[in-house]
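Enquirer: got a sequence here, can you build the structure:
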Amino acid sequence: MTAGDKIRLLVRADDAGSSWSSNMGCLKACTHGIARSVEVMMPCAWAPHAARLFNERPEIDVGIHLTLTSEWAAVRWRPLTDARSLVDEDGYFRPLLMPRPGDDRPSLQESDWSVDDIARELRAQIERGIAAFDNASHVSAHMAPHFSAFDQRVGEIVAELCDEFQLIDVRPGHGPMRFEGYPKHPRSAERREAAFVEQLGALKAGTYMFVDHPAVESPELRATGHEGYEDVLEDRTTCLSVLVSEGVKAAVSTRAIELIGYRDL
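Expert: You can find the predicted model right below:
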């Protein structure tokens, strides 16, 4: 098989650092499944635990998942800096980055935010990330394809920081094509696995990326959610089931799909 005939797949496990459940799910997705890259949210309480886990696994590619939102109802996080314009009256990030149809929760974009506050906060998150993680190779955006979708100036700040710290700036249109994998509903491990295997079978030569949020079951995860997204546990545990399933791993092997991280691009 020539290089031009290869199918390469980057499976990305998002939201490590946000909870013990996410840390353990992301780790299992890499060590027992097909994920090779993990995104860590630095303002979250479980980021130090993530660092202990992933620094012991140098083969796992780590991304700094830049975070300007706090979406859950029962657990929330704050900026690393004194970024007054980025928080609500209680000092937490707002639930949304940008307005969403049918979602009336406050968004950062609709507030009186400061580009200087954002620049300082993103720098602090990157500096903490590269100090904490030996294998940090890239940055990505939490709850957005890229921060340029929020504001072009913020997209430029991210690009400049990536140049300064020699990190890959993960942005749409530059790199792998998105691979759906499975529909969001129903939250069924069996149906998701069947859809994933079917879509793997249809891939043509090229480089693809699949992104989801694996997690292990716990009381903490069961209590996680917000209005309109109450089945977080079912969603994220079935994601993990797919990524570690023998059927999916067999399909990857049968098609000789190369599993990669951002460092391989």
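
Enquirer: and Thr81, what is it in contact with?
Expert: Applying Cβ atoms under 8 Å, 6 or more residues apart in numbering to Thr81 gives the contacts 117, 120-121, 124. C-beta here means a position set from N, CA and C on the backbone, and glycine is covered the same way.

Enquirer: do that again at 10 Å, thanks
Expert: 43, 117-125 (Cβ atoms under 10 Å, 6 or more residues apart in numbering).

Enquirer: out of the residues you listed, who's nearest Lys184?
Expert: Within the contacts of Thr81, proximity to Lys184 (Cβ to Cβ) peaks at Pro43, which comes in at 26.1 Å.

Enquirer: distance check, the residue nearest to that closest one when sequence neighbours are not counted against Met41.
Expert: Excluding the flanking residues, the one nearest Pro43 by Cβ to Cβ, 6 or more residues apart in numbering is Trp77, at 4.7 Å. To Met41, Trp77 is 8 Å away according to Cβ to Cβ, to the nearest Å.

Enquirer: can you work out which residues contact both of those two?
Expert: Joint contacts of Trp77 and Met41 (Cβ under 10 Å, 6+ apart) are 17-18, 47, 67, 69-70.

Enquirer: one step back: wait, isn't the residue nearest to Pro43 in contact with Gly17?
Expert: Yes. Between Trp77 and Gly17 a contact is recorded at 9.3 Å, counting by Cβ atoms under 10 Å.

Enquirer: with neighbour numbers in mind, choose between those two.
Expert: Gly17 (27 against 20; other Cβ atoms under 10 Å).

Enquirer: pull out the buried residues from the contacts of Thr81.
Expert: 43, 117-125 (16 or more other Cβ atoms under 10 Å).
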